[in-house]
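Q: Give me the fold of what follows.
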Amino acid sequence: MKRSCSGLGQVFVGLLMISLAALCSTPSSAAGPGLQLTHQASRSVANDEMVVMMAIERDGPQVGPLNEAVVSQLNAAIAEARRVEGVRARLGGVSTQPNYTREGKPNGWRVRGDVLLESSRMPALARLAGKLGERLQMSSVQFRLSRERRRSEEQSLLREAAQGFRDKALQTAQAFGYKGYEIKELVLQPGQGSMPRPMMMARSAPDMAAAAPPPPLPDEGGDSEVTVAVSGTVELTP
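A: Numbers count the residues shown, from 1 in each chain. Coordinates of the predicted model:
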């Protein structure tokens, strides 16, 4: 029994020493409060890509010949566009709808098809669209940033937003009497920015038949706003 009590005493003394060591190692002051901060970096960047939608419509009593005529015109436009260096062309879609008389009776069909043209060589695409406009309808024109340009701008803005976040965290800590901060959580919100800039909308088929050819397309498309935001939680440190 004496040996057992002696062993228990040694264990108790060991636990007491561990507890005292833990108390001695506890910081003299607790960590500061947590804050949620956000910093946003943005800039205006010149659009470097043009997107043109061309369309064709045909009316008639039978759907089959109308589809063939529309698809044939679209394929010819795509083939011509792909011969222009730097221009990407693809089919946008084909739709069919019935026509009706004023009395509400069926009166044949209307088939519409679209072709989408994209290029960073905007002057070349503007000339191509003007040429195709002799037989196709100009549906819409938009200007935007290419994927490569947007990615490059976002990477640059990320560094700017990260540095701004750190500066804001340090300034906030010092304003409340703390020496620094520790980042606890970060949320990145890239890719924010303005939508593509529309420049022209289509006219209806009757208007197209009676109107003069559309004026030359502009080959300068303004700017897009690119924004990157960094949000997160920081803990102020004494």
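Q: Quick one: name whatever helix or strand follows the lowest-mean-pLDDT helix or strand in the chain.
A: In the chain, the helix or strand scored least confidently by mean pLDDT, DSSP states H and E is helix 2-25, which has a mean of 38. Counting by DSSP states H and E, the next helix or strand C-terminal to helix 2-25 is strand 34-46.
Q: and the helix or strand following that following strand, what does it pack onto?
A: Per DSSP H and E, the first helix or strand lying C-terminal to strand 34-46 is strand 49-60. With contacts taken as 3 or more C-beta pairs under 8 Å, 6 or more residues apart in numbering; DSSP states H and E, strand 49-60 sits against helix 63-82, strand 88-100, strand 106-119, helix 122-132, strand 137-144. For the C-beta atoms, the positions are set from N, CA and C on the backbone; glycine is no exception.
Q: how about 7 Å then?
A: Applying 3 or more C-beta pairs under 7 Å, 6 or more residues apart in numbering; DSSP states H and E, one finds that strand 49-60 contacts helix 63-82, strand 106-119, helix 122-132, strand 137-144.
Q: I'd like those laid out as JSON lines, including mean pLDDT, mean neighbour count and distance to Glu182.
A: Output for the helices and strands packed on strand 49-60, formatted as JSON lines (pLDDT from 0 to 100; neighbours: other C-beta atoms under 10 Å; distance: least, C-beta to C-beta, whole Å):
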{"stretch": "helix 63-82", "mean pLDDT": "95", "mean neighbour count": "16", "distance to Glu182": "56"}
{"stretch": "strand 106-119", "mean pLDDT": "96", "mean neighbour count": "19", "distance to Glu182": "47"}
{"stretch": "helix 122-132", "mean pLDDT": "94", "mean neighbour count": "19", "distance to Glu182": "49"}
{"stretch": "strand 137-144", "mean pLDDT": "94", "mean neighbour count": "20", "distance to Glu182": "40"}
